[in-house]
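Peer 1: sequence plus predicted model, see below.
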Amino acid sequence: MPSFKIAEVAVEGTAYHFDKPYCYMVPDDMKNEIKPGARVVVPFGAGNKRRRGIVLAVENSDDMSCKPLLTLVDKQPLISEEMLALAAWLKGRTFCTLYEALRLMLPAGLNLHITKTYKLDHKPSEAEFLMLSPDEQCMLRYVSRARGPVDRESLAKAAGLDATTPLPDLLVQRGLLVCEDSVFDHSPEASARMVRLAITQEEAEELLESQGEITKKQKSALKTVLDAGAATVKEVMYFSGVSQSVITALVKKGIFEQFEKRVYRDPYKGIAKTKSEPETLSEEQQNAYNALVSRYRSGKACASLLFGVTGSGKTQVFMRLIDDVRADNRTVIVLVPEISLTPQTVARFYARFGKDVAVLHSGLSLGERLDEWQRIKDGGAGIVVGTRSAIFAPLKNLGLIIIDEEQEYTYKSESSPRYHARDVARFRCAYSNAMLLLASATPSIETFYAAQTGRYELTRLDKRYGNAKLPDVIMVDMKNEIATGNNSTISRRLAQEIEKNLENGEQSILLINRRGYNTFVSCAACGHVLTCPNCSIALTYHAANHRLMCHYCGYSIEARTKCPECSGSFLKYSGTGTQKAEQAIEELFPTARVLRMDTDTASGRYSHERMLEQFGKDKYDILIGTQMVAKGLDFPNVTLVGVLSADQSLYLNDFRAAERTFSLLTQVIGRAGRRASPGRAVIQTQTPENEVLRLAAKQDYEAFYKSETAFRRELLYPPFCDICEFGFTGISETAVKNAAHDFFMRLKDAIESNKNIPIRIMEPSPAEIARIAGRYRYRIIAKCRNDKHFRALVASVLESCGKSPLYRKVSVFADMNPLDML
């Protein structure tokens, strides 16, 4: 019998319970070109709907029953053998589909669209043409002049109609047009969508005064653009509190016009091009480097923890190690936890290694990410610096992966596939016989436990680099401040220390881990708290736009003066966010140059870079921000750090609350006094006696680790077990609750059938925030051992649920070792 080529394909849009590699026959004209890792278009399901897919394998077969492939998009594969193996590994450990895993390997700017298009079937006779409506005639003329197939939106626009018009399909039924699926592969240009007035200023002012011509929300948007002249769509939405649809309506009315502002694809913009020489290592750094390079030279996959106090010069050790790896013609990935840390890191690496450095993070435009990804794939860069997604960089001959501030929760994905970058790094290092280097002054409890028990090699840096000393820490009891008449956000002692810095020309960083002005609004008469109608969360007051906003779904209303529940005029705005802290500092120190950095001020592209660059050049005296100012930043002139509310994260309902608080405080304290000038830190707290705060003030990680592991061993938490969270979400609370209880019973039955699997499960309960964006949330927590037997049990339960109608309107997921409980 003749032999045929069969391609195994991961197909998009498959549900978990029927996800698998699907077999397709390779047509003769593709046989010599198709390779694993290439994108294809395939027919899928009973209706043979065209779907995107990625080839997993190509083999010979005698089976002629397979459907044929429709389109081979790539003549050269985009995904390597390593990444194909990684996708299969991710499916088994994160309970995602194969296509979801493979999408991680491709840049967001690489888009493949399957779109319905129309072309002329035949030229109509004059009689046929005259029988058509004017709109239909317009469509036919447009199609006849087009050089190729035309998509529905373009066709409708040519006739001045909405894209939902049925006319194109009616013309198909009459035999005048032919409809087919077309595949478009393109990457977008990097641009920002802007809005400006399409009318005169006088006309705009008349509209604002008019009654009924435009809505109240449209007036709000119009006033914003009138004041600004031009603004991004995102800025108009934020400052006027309107949705995208309001802006679209004003464009349709001819009041606004949209335009694209070109943003050039240069991720190195603003980075100094001067070449830096390697810094001299201290004796302690040299010993650490010697230990690490010896481990790397073993030629085997290995993992090490570089545990060093803040300011000990861990990056200098990285650099020296990277020199050796690149000298061997092997490649390197360096991960940082936040976009805000990327500019300083990239600047240091670029100054040392030049164009051998590529950057991958979500702060780049889609076009920039695609350009960098292609440059890496082509071998144009051997060092990749970026955030979590950079772990999938298409590097060949990988020699070293560095994860800086390895304890940070941003390394864990919160959407499917729910992977941790550290786990992916371990897979890639094992595949390439490379070295994994984790680094932190406050490593996660799990990582330090692995180092203590010999799973990782432990390398230490116990002293700050040069003559720098750890900051002196001052604890301020805010209960005493209130008792003595100071109700301000800023304690008297912190104000004194800021005053000293201003007099000495030194800089200060203030941390408050809440954005906005007030964190909640309540009625003093009836006790009602103003909450988001879509989420179980209090609204936050933003003084910048005088609105109450939800930080989960983006819901926004104008600030209220009366209670919506009892109509009383006793609304109390409470709690302190970054905006209120900024106002308090400006009132205390009117001449100080104050910079606020949070997701409101740093939402634009390159805004992190600009802010940090200006602060680094001493253009500001005081930097106020959320946790994005707490980690990894290195400013020589910063000698004072203030923590305005150290208790905020300490009493959360999460077993990691103490660990996160200790880490955040230790990290932010470490921003001060990193050069010759001594540093100070002021911690404001309601509970100065708390052991976690006391140990953070002493920078005593090992004492904290000892206390925390004793607590976790007693209550059986990681690292002494694994935790699997099963999440259930949907718009009907009853449906979500019923699904969660059904899953619980299925899981119990599976455990009864597999008594050799150690597992403890808790009954279903509403999530900590029971509703977000209109979707109710339930959860089941299981303490377990994350091995192949447990994963197989979970996969079988998920697959059985996927076949049940009870889950038709409920989303279910399993998340191994989540860093944030649902």
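Peer 2: Good, I have the coordinates.

Peer 1: can you count the residues close to residue 107?
Peer 2: Residues near residue 107, counting by other Cβ atoms under 10 Å, number 25. Any C-beta I mention is one placed from the backbone N, CA and C, and that applies to glycine too.

Peer 1: should've said residue 252
Peer 2: The number of residues near residue 252, taken as other Cβ under 10 Å, comes to 9.

Peer 1: quick one: pLDDT of it?
Peer 2: We note a pLDDT of 86 for residue 252 in this prediction.

Peer 1: please apply the same query to residue 459.
Peer 2: 97.

Peer 1: quick check: it vs residue 644, distance?
Peer 2: Look at residue 459 and residue 644: by Cβ to Cβ, to the nearest Å, they are 35 Å apart.

Peer 1: check residue 119 too.
Peer 2: 64 Å.

Peer 1: compare those two (neighbour count), which wins?
Peer 2: residue 644 (26 against 15).

Peer 1: state the number of residues packed around the closest residue to the more buried one other than its chain neighbours.
Peer 2: Leaving out its chain neighbours, the residue that sits closest to residue 644 by Cβ to Cβ, 6 or more residues apart in numbering is residue 512, at 4.2 Å. Counted with other Cβ under 10 Å, residues neighbouring residue 512 total 26.

Peer 1: I figured residue 512 hits residue 576, correct?
Peer 2: Yes - contact between residue 512 and residue 576 holds when scored by Cβ atoms under 8 Å: they sit 6.5 Å apart.

Peer 1: give me the common contacts of the two.
Peer 2: The contact sets of residue 512 and residue 576 overlap at 489, 644, 645 (Cβ atoms under 8 Å, 6 or more residues apart in numbering).

Peer 1: mind listing the helices for the stretch 201-350 of the chain?
Peer 2: 201-209, 216-228, 233-240, 244-252, 283-296, 314-327, 342-353 (DSSP state H, counting those that start in this stretch).

Peer 1: meant to ask about the stretch 551-700 of the chain
Peer 2: Under DSSP H, counting those that start in this stretch, the stretch 551-700 of the chain gives helices at 578-588, 607-616, 657-669, 691-698.

Peer 1: what packs against the shortest one?
Peer 2: With contacts taken as 3 or more Cβ pairs under 8 Å, 6 or more residues apart in numbering; DSSP states H and E, helix 691-698 sits against strand 472-477, helix 657-669, strand 680-685, helix 701-715.

Peer 1: name the SS class of residue 535, please.
Peer 2: Following DSSP: H, G, I helix; E, B strand; the rest coil, the label given to residue 535 is coil.

Peer 1: quick one: contacts for it?
Peer 2: So residue 535 contacts 550, 552, 553, 555, 769, 771, 772, 773 (Cβ under 8 Å, 6+ apart).

Peer 1: for those, work out which two are farthest apart.
Peer 2: Spanning the widest gap among the contacts of residue 535 are 555 and 769, at 13.9 Å by Cβ to Cβ.

Peer 1: the stretch 1-150 of the chain: strands as residue ranges?
Peer 2: Along the stretch 1-150 of the chain, counting by DSSP state E, counting those that start in this stretch, strands occupy 4-11, 22-25, 39-44, 49-61, 71-72, 111-120, 150-151.

Peer 1: mind showing which ranges of this structure have poor pLDDT?
Peer 2: 1-3, 109, 111-113, 182-192, 261-277, 340-342, 366, 602-606, 632, 821-822 (pLDDT under 70).

Peer 1: quick one, domains of it?
Peer 2: Per automatic domain parsing, the domain ranges recorded for the chain read 4-106, 119-178, 191-262, 283-413+420-461, 472-515+578-712, 520-574, 722-816.

Peer 1: what's the local residue count around residue 534?
Peer 2: 16.

Peer 1: residues in contact with residue 625?
Peer 2: For residue 625, the contact set (Cβ under 8 Å, 6+ apart) comprises 509, 510, 511, 512, 578, 596, 597, 598.

Peer 1: likewise residue 574?
Peer 2: Counting by Cβ under 8 Å, 6+ apart, residue 574 touches 518, 519, 520, 521, 522.

Peer 1: show me what it is bridged to.
Peer 2: residue 520 (DSSP bridges).

Peer 1: quick one, strands of the stretch 401-550 of the chain?
Peer 2: 435-440, 457-461, 472-477, 507-511, 520-523, 540-542, 547-549.

Peer 1: that older thread, now, which of the contacts of residue 625 sits nearest residue 16?
Peer 2: Out of the contacts of residue 625, the member with the shortest distance to residue 16 (by Cβ to Cβ) is residue 598, at 37.0 Å.

Peer 1: give me the neighbour count for the closest one.
Peer 2: 22.

Peer 1: find the nearest non-adjacent residue to it, please.
Peer 2: Nearest to residue 598 is residue 515, by Cβ to Cβ, 6+ apart, at 4.2 Å.

Peer 1: distance of the one you found from residue 649?
Peer 2: In terms of Cβ to Cβ, residue 515 sits 14 Å off from residue 649.

Peer 1: so what's residue 7 up against?
Peer 2: Residue 7 neighbours (Cβ under 8 Å, 6+ apart): 23, 24, 25, 26, 34, 40, 55, 56, 57, 58, 69.

Peer 1: what are the bridge partners for it, then?
Peer 2: Note on residue 7: beta-bridge partners residue 24, residue 58, judged by DSSP bridges.

Peer 1: if I look at it, how far off is residue 45?
Peer 2: 18 Å.

Peer 1: same question, residue 648
Peer 2: Going from residue 648 to residue 45 by Cβ to Cβ gives 50 Å.

Peer 1: got it, and residue 405?
Peer 2: 45 Å.

Peer 1: neighbour-wise, which of these two wins?
Peer 2: Legend: neighbour count by other Cβ under 10 Å for residue 405 and residue 45, higher for residue 405 (23 against 10).

Peer 1: spatially nearest residue to that one, not counting backbone neighbours?
Peer 2: residue 337 (4.9 Å).

Peer 1: quick check: the one you found touching residue 412?
Peer 2: No - applying Cβ under 8 Å, one finds residue 337 not in contact with residue 412, separated by 10.4 Å.

Peer 1: looking at those two, which one has more neighbours?
Peer 2: Each of residue 337 and residue 412 has its neighbours counted (other Cβ under 10 Å); residue 337 has more, 24 against 19.

Peer 1: any chance of the contacts of residue 535 in TSV, plus neighbour count and distance to residue 208?
Peer 2: Formatted as TSV, these follow (neighbours: other Cβ atoms under 10 Å; distance: Cβ to Cβ, whole Å):
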residue	neighbour count	distance to residue 208
550	20	28
552	15	32
553	17	29
555	20	25
769	12	39
771	23	37
772	19	36
773	14	32
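
Peer 1: re the thing from before, need the strands of the stretch 1-150 of the chain in a markdown table (columns: distance to residue 312).
Peer 2: A markdown table is the format used below for these (distance: least, Cβ to Cβ, whole Å):
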| stretch | distance to residue 312 |
| --- | --- |
| strand 4-11 | 45 |
| strand 22-25 | 52 |
| strand 39-44 | 46 |
| strand 49-61 | 44 |
| strand 71-72 | 53 |
| strand 111-120 | 44 |
| strand 150-151 | 58 |
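
Peer 1: nearest approach to residue 98 belongs to which of these?
Peer 2: strand 4-11 (3.7 Å).
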